[in-house]
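Participant: whatever this is, show me its structure:
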Amino acid sequence: MASKSAFDFDLLVIGSGPAGQRAAIQAAKLDKRVALIERKTVLGGVSVNTGTIPSKTLREAVLDLSGYRAREFYGLSYTVKQRITMQDLLHRVDTTVRHEIDVTRHQLLRNRVEVIAASASFVDAHTIRLDYADGGGHRQISAQYLVIATGTEATRDEHIPFDGRHILTSDDILHLDELPRTLTVIGAGVIGCEYASMFAALGVRVTLIDKRPRLLPFVDAEIVDTLAYHLRENRVTLRLNEEVNGVELVQDEHGERVAIRLESGKQIVTDKALYSIGRTGNTGRLNLGAAGLEPDDRGRLVVNEHYQTRVPPVYAVGDVIGFPSLASTSMEQGRLAVCHALGIPATSVPELFPYGIYTIPEISMVGRNEEELTHDGVPYEVGKARYREIARGQILGDITGLLKLLFHLETRKLLGIHIIGEGASELVHIGQAVLAFGGVLDYFVDTVFNYPTLAECYKTAAFDGINRLGHRPGHL
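Facilitator: Modelled structure (predicted):
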């Protein structure tokens, strides 16, 4: 291997999403020469521009303008704005995205990361060809280590006639000119469920199709059942165990619409169709073969526990390596990859990474679920608290939320936390901290929480769990 001084940079990062940002800044804070390459004219990647930030901001705009949170008090017809338009919703999105792009650029610049607007492709495992975004030619640069953080793009089936107006991917949603009366979502993964619930909250008639027998199979079954109940209450039609065998544009008395044929013989005619069957790694332009790498059939890269590819100087982090494809986990992967490359001790506990799913209502979880514990033969018990039992739940108008604690039957050690309801993705961090320190159920019994707060759910659930144990020696 050539000496360090032979390279233009210590680290090159390809992609400016959460994983790439964290990788670049981690190396810069270790006084390394770092460049970040972004082929688009704006920073932030999918997360800031078309994914996490826009979709979560859109969700907040939906909740605020629709009056959804207040309907428990003022009735199902209550709305803050009588006629909500896409422009109303996107105004908030645009403002937030601009702010996040500015924050990203500021963080990179103040840490002296060189930002290069160009398309990157490998020449070899240490060398990258840059084709400048402004058409200003090309050049080659080299680095001792490289981090691929190019993220993903919406998977497009070649048999689906995408037009960006009637047949959409999640990347197209933010370009809708008006709210549809009906929407069919093909694919009930995280993105599909999030958008289905958002549009349903706005009064759009939504149909959600998936070939699997249940929504979100990696989520606790009881939590998923609660989500399905909420979706149906908002007039979402769930077509599970159904496979799509055709999508086409048709003309009827309402204008141009979308006809979706199912294997079962059913046909759905809808104003708009959102095709949400996973995402594909953004690796097609990288010329990976020149570095000795090859992606899988979905464009993803295989890495080891240090996020290192089979070519030692090259690491890959974030959505481009697949599940869990969360901004939070991607950031941590970027940090860990750089620390490993530079020989800096760093530890993390992937099994304690929390998950946040921003459906309406939102879902969050950390640790193991009931299905996993049952499969592994772990003796456990459950403690539950429903928001309707908590004063804060009544104040907020969320009387159907649920928090579940899973704990070991004998030691009472906490094993998992699963929440659906208002503030779930914030509330889960209390349980995450207790899990990380190997805490037991009694912690929540002995702790005093502010009143009224949703955090009280932990104490209520802990008492519920202890009550389920019955009168045993050594137990309350």
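Participant: contacts, neighbours, all on C-alpha from now
Facilitator: Will do.
Participant: what segments of the stretch 301-450 of the chain are strands?
Facilitator: 314-316, 355-357, 363-367, 380-386, 402-408, 414-420 (DSSP state E, counting those that start in this stretch).
Participant: reformat those strands as TSV; add mean neighbour count, mean pLDDT and distance to Ala125.
Facilitator: Formatted as TSV, the entries for these read as follows, by neighbours: other CA atoms under 10 Å; pLDDT from 0 to 100; distance: least, CA to CA, whole Å:
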stretch	mean neighbour count	mean pLDDT	distance to Ala125
strand 314-316	27	98	7
strand 355-357	20	94	34
strand 363-367	24	97	37
strand 380-386	21	98	49
strand 402-408	25	98	46
strand 414-420	27	98	41
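Participant: okay if I get these as JSON lines plus distance to Leu249?
Facilitator: Written out in JSON lines, the entries for those read as follows (distance: least, CA to CA, whole Å):
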{"stretch": "strand 314-316", "distance to Leu249": "39"}
{"stretch": "strand 355-357", "distance to Leu249": "31"}
{"stretch": "strand 363-367", "distance to Leu249": "35"}
{"stretch": "strand 380-386", "distance to Leu249": "45"}
{"stretch": "strand 402-408", "distance to Leu249": "41"}
{"stretch": "strand 414-420", "distance to Leu249": "37"}
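Participant: to His175, which of these lies closest?
Facilitator: Between His175 and the strands of the stretch 301-450 of the chain, the shortest separation by CA to CA is 22.7 Å, and it involves strand 355-357.
Participant: contacting residues around that closest one?
Facilitator: Val190, Glu194, Leu326, Glu362, Ile363, Ser364, Met365, Val366, Ala424, Ser425 (CA atoms under 8 Å, 6 or more residues apart in numbering).
Participant: now these in TSV, with distance to Arg39?
Facilitator: Written out in TSV, the entries for those read as follows (distance: CA to CA, whole Å):
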residue	distance to Arg39
Val190	27
Glu194	28
Leu326	22
Glu362	33
Ile363	34
Ser364	33
Met365	35
Val366	35
Ala424	35
Ser425	32
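Participant: between these, which sits nearest Asp94?
Facilitator: The shortest separation between Asp94 and any of these is 19.3 Å, and it belongs to Glu194 (by CA to CA).
Participant: hang on, that closest one in a strand?
Facilitator: No - according to DSSP: H, G, I helix; E, B strand; the rest coil, Glu194 belongs to no strand; its state is helix.
Participant: which residues touch it?
Facilitator: Shown here is Glu194, whose contacts under the criterion CA under 8 Å, 6+ apart are Ile357, Tyr358, Thr359, Ile360.
Participant: which pair in the contacts of strand 355-357 spans the largest distance?
Facilitator: Based on CA to CA, the longest span within the contacts of strand 355-357 runs between Glu194 and Val366 and measures 19.1 Å.
Participant: how about the helices in the stretch 251-400 of the chain?
Facilitator: For the stretch 251-400 of the chain, the helices defined by DSSP state H, counting those that start in this stretch cover 327-341, 370-375, 391-396.
Participant: deepest-packed of the ones you listed, please.
Facilitator: Neighbour counts averaged per stretch over the helices of the stretch 251-400 of the chain are highest for helix 327-341, at a mean of 22; criterion: mean count of other CA atoms under 10 Å.
Participant: how about that one as PDB, C-alpha atoms only?
Facilitator: Extracted in PDB, the C-alpha atoms of helix 327-341 (Å, rounded to 0.1, in the frame of the first residue of the first chain):
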ATOM      1  CA  ALA A 327     -31.300   7.900   9.300                       C
ATOM      2  CA  SER A 328     -30.400   7.300  13.000                       C
ATOM      3  CA  THR A 329     -28.700   4.000  12.400                       C
ATOM      4  CA  SER A 330     -27.000   5.300   9.200                       C
ATOM      5  CA  MET A 331     -25.300   8.100  11.200                       C
ATOM      6  CA  GLU A 332     -24.000   5.600  13.700                       C
ATOM      7  CA  GLN A 333     -22.700   3.400  10.900                       C
ATOM      8  CA  GLY A 334     -20.800   6.300   9.400                       C
ATOM      9  CA  ARG A 335     -19.200   7.100  12.700                       C
ATOM     10  CA  LEU A 336     -18.200   3.500  13.400                       C
ATOM     11  CA  ALA A 337     -16.800   2.900   9.900                       C
ATOM     12  CA  VAL A 338     -14.500   5.800  10.100                       C
ATOM     13  CA  CYS A 339     -13.300   5.000  13.600                       C
ATOM     14  CA  HIS A 340     -12.500   1.500  12.400                       C
ATOM     15  CA  ALA A 341     -10.600   2.700   9.300                       C
END
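Participant: so what's Gly383 up against?
Facilitator: Applying CA under 8 Å, 6+ apart, one finds that Gly383 lies in contact with Lys404, Leu405, Leu406, Ala461, Ala462, Phe463, Asp464, Gly465, Ile466, Arg468.
Participant: so for the spatially closest residue to it that is not a sequence neighbour, what's the pLDDT?
Facilitator: Leaving aside its sequence neighbours, Gly383 sits nearest to Gly465 (CA to CA, 6 or more residues apart in numbering; 3.7 Å). What the model reports for Gly465 is a pLDDT of 97.
Participant: what strand or helix carries Gly465?
Facilitator: helix 456-469 (DSSP states H and E).
Participant: quick check, nearest of the contacts of strand 355-357 to Asp296?
Facilitator: Proximity of the contacts of strand 355-357 to Asp296 was ranked by CA to CA; the top entry is Leu326 with 19.8 Å.
Participant: pull the helix or strand with minimum mean pLDDT from the chain.
Facilitator: Among the secondary structure pieces of the chain, namely its helices and strands, helix 45-49 has the lowest mean (mean pLDDT, DSSP states H and E), a mean of 65.
Participant: following element in sequence after it, please.
Facilitator: Stepping forward along the backbone from helix 45-49, the first helix or strand reached (DSSP H and E) is helix 52-66.
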